[in-house]
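[1] okay, predicted coordinates and the sequence, questions at the end:
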Amino acid sequence: MNQYVIHGGHPLFGEVTVSGAKNAAVAIIPAALLVDGVCRIENVPQISDVTLFFSILEELGAHVRVLNRHAVEIDCRHIRSTKPSYELACRIRASYYLVGALLGRFGQATVAMPGGCNFGVRPIDLHVKGFRAMGAEVTEGGFINASVPGGRLKGASIYMDLVSVGATMNVMMAAVLADGYTTIDNAAKEPHIVDLANFLNSMGADIKGAGTDTIKIRGVDRLTGGTYSIIPDQIEAGTYMAAVAAAGGQVHIKNIIPKHMDCISSKLLEMGVEITEQDDSLLVRRSGPLTHTNVKTLPYPGFPTDMQPQITTALTLAEGTSIVTEGVWDNRYKYVAELKRLGARIQVDGRVAVVEGVGRLEGAPVQACDLRAGAALVIAGLAAQGTTTLGSVHYIERGYEDMVGKLRGIGADIEVVDVPEPEKKEAGVS
Ligand code: EPZ
């Protein structure tokens, strides 16, 4: 079982290149199931969630040809099943995208209810509402069973009760081959929503308005294939920016889309971080003290919830008291208990965390409890004096390509150590 060992307390210097966006890739790859042709997808991040999706598609009959570390060719012309195995599908939250893609192409899907991060209830009622509006019969239990009489969904007008990335992406996928027009109102506007729409359009779909509140889709008969390159990962870039904020130093963060970074940059600038924007990169520098500020996470273009653990970690080292409000998830502060083991002073009450800045953090053994919490604890270890060991790093490897290599490239003293699984103690006989 891998652990990260971090000797922290010194600033970061150098340059880091951002990979393809995880939350775009985990939608675009299952969306290849909609294509009756060959998809060439580039700038694919090398992360375990992507590798898992390749296995799921192959299991369904797709031909997946890895061209190099970041490019793949997927041929879904000979799909032979619409029921991915429970073992594979239940290991990933984004497996629900398989429903929209399979239902949209074949009129049928049976997919295990998703697993994924544990920070509060993660319902899929809006996904189901969208599929039903397009004529599907859907039952939920250990599996999501969806089918449409006659085999083809019908376009519909769908209003999202709340802004949902997953439901917006899933309904978009289901609608591209439906009979007629679909409108999604109160749609999510994240960069990865636009990326999925651009991918589908490059394969032959007809989607307009992605990135706005209203997305309009004209159903077509067939998607024929093409080539597409995934956008850079806004959250991975933000994670490295937060690492510089916490540990200090100067890092050139390359391969970003500046517009996507505005919501994160503006918050870090308030904290005293210096940011110089270039065409497709940011120069991030922190030399003086960090200043406290307040953060409220919101759907894009608000401050991203997937940056909440990372910015909270940086705020533990800011002068003064900051208030962080989690506006998307019910319970995304499980990592705070681990931060406190490093000396952070944070009080959590529901969706609000009050962060009292401390002068320094001290290294200690900690555990990751989800993907972004793990990234936040790495940031804390880089800033802390002394040694931090981090367990359960498989969470990090789901969504960050080669984090250890990229951090070592900017001077971090971090290494991966393989520790034996703890012995399973036999129940004692009293
Ligand atoms: C996506 O999750 C991301 N995951 C999450 O990133 C991210 O935190 C989230 O969007 C918000 O940006 C992937 O893209 C794989 P939602 P998703 O549907 O789609 C409620 C990471 O760290 N809701 O936008 O599951 C839900 O409970 C991960 O990369 C319903 O009530 O999020 C939440 O409160 C973690 N009913 C809110 O909407 C539904 O049917 C937003 O959820 C769907 C969602």
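    Structure received. Numbering: from 1, shown residues only.
[2] for residue 195, which non-adjacent residue is closest in space?
    Nearest in space to residue 195, with sequence neighbours left out and distances taken as Cβ to Cβ, 6 or more residues apart in numbering, is residue 24 at 4.1 Å. From N, CA and C alone the C-beta is placed, and that goes for glycine too.
[3] quick check, pLDDT for that neighbour.
    For residue 24, the pLDDT comes out at 98.
[4] next secondary structure after the host helix or strand of it?
    Secondary structure from DSSP states H and E places residue 24 in helix 22-31. Next helix or strand after helix 22-31 toward the C-terminus (DSSP H and E): strand 35-42.
[5] pull out the buried residues from that next one.
    Across strand 35-42, burial judged by 16 or more other Cβ atoms under 10 Å covers 35, 36, 37, 38, 39, 41.
[6] need the residues of the stretch 201-350 of the chain near the ligand, please.
    305, 306, 328, 329 (Cβ under 6 Å from any ligand atom).
[7] if we go to 8 Å?
    Applying Cβ under 8 Å from any ligand atom, we find that the stretch 201-350 of the chain lies next to the ligand at 235, 299, 300, 304, 305, 306, 328, 329, 330.
[8] could you do the stretch 51-200 of the chain as well?
    Residues of the stretch 51-200 of the chain lying near the ligand (Cβ under 8 Å from any ligand atom): 93-94, 96, 116-117, 119-129, 161-169, 188, 190, 192.
[9] contact partners for the residue in the stretch 51-200 of the chain positioned nearest to the ligand?
    Distance from the ligand to each residue of the stretch 51-200 of the chain (Cβ to the nearest ligand atom) is smallest for residue 166, at 2.6 Å. Counting by Cβ atoms under 8 Å, 6 or more residues apart in numbering, residue 166 touches 94, 96, 97, 124, 126, 127.
[10] which of those residues fall in strands?
    Judged by DSSP state E, strands contain none of those.
[11] report the two of those separated the most.
    94 and 126 (15.3 Å; Cβ to Cβ).
[12] which among the residues of the stretch 201-350 of the chain next to the ligand end up buried?
    235, 299, 300, 304, 305, 306, 328, 329.
[13] redo those as JSON lines? Include pLDDT.
    What follows is these, written out as JSON lines (pLDDT from 0 to 100):
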{"residue": "235", "pLDDT": "98"}
{"residue": "299", "pLDDT": "98"}
{"residue": "300", "pLDDT": "97"}
{"residue": "304", "pLDDT": "98"}
{"residue": "305", "pLDDT": "98"}
{"residue": "306", "pLDDT": "98"}
{"residue": "328", "pLDDT": "96"}
{"residue": "329", "pLDDT": "93"}
